[in-house]
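*Asks:* Fold the following.
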Amino acid sequence: MDRSCDNCYNKYRFYDGKHCIFANIKPIENVCNRHSHICDKCEDDKAEYKYNEKLYCGGCLIEEFEVEEYTVTNYYHLGDFIGTDEDMEEVILGLDDDIKPLD
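*Replies:* Numbering: from 1, shown residues only. Next comes the predicted model:
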């Protein structure tokens, strides 16, 4: 992949589009040492990976492979693990012996 101000993430994301944000004038040979490519898919984020001759940011590459996201929240009380959001009753009842569920 050729590097130039025309395909630089920094130009499109942070500046007026004329040249690199890290220089007051257009760099010599149309590229500076802080060049980063733009994601080919979303054209908004910085490309971090190359796959099948295309450049991707992390989010777009995850989307390309149809990866599903699943988040679990862990709960701690005074530094001790008391459960996850998968079993909130365990978390609540673990807070104090005097807590009882309603019938």
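
*Asks:* which residues of the chain fall in strands?
*Replies:* 49-51, 54-56, 74-77, 80-84 (DSSP state E).

*Asks:* With distance to residue 90 and mean neighbour count as added columns, please give those in a markdown table.
*Replies:* To be clear about C-beta, it is placed using only N, CA and C from the backbone, and glycine gets the same treatment. Converted to a markdown table, the strands of the chain look like this (distance: least, CB to CB, whole Å; neighbours: other CB atoms under 10 Å):
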| stretch | distance to residue 90 | mean neighbour count |
| --- | --- | --- |
| strand 49-51 | 39 | 13 |
| strand 54-56 | 40 | 19 |
| strand 74-77 | 9 | 12 |
| strand 80-84 | 4 | 13 |
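
*Asks:* now these as CSV including distance to residue 65?
*Replies:* Formatted as CSV, these follow (distance: least, CB to CB, whole Å):
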stretch, distance to residue 65
strand 49-51, 9
strand 54-56, 10
strand 74-77, 26
strand 80-84, 26
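
*Asks:* Make TSV from those and add mean pLDDT to it.
*Replies:* Below are the strands of the chain laid out as TSV (pLDDT from 0 to 100):
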stretch	mean pLDDT
strand 49-51	95
strand 54-56	94
strand 74-77	92
strand 80-84	91
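
*Asks:* nearest to residue 95, of those?
*Replies:* strand 74-77 (6.2 Å; CB to CB).

*Asks:* May I have the strands that pair with that closest one, each with its orientation?
*Replies:* Pairing partners of strand 74-77, with direction, according to DSSP bridges: strand 80-84 (antiparallel).

*Asks:* Could you list the low-pLDDT ranges of the protein?
*Replies:* When residues are selected by pLDDT under 70, those of the chain lie in 11-31.

*Asks:* how about residue 72, what does it touch?
*Replies:* Applying CB atoms under 8 Å, 6 or more residues apart in numbering, we find residue 72 in contact with 84, 85, 86.
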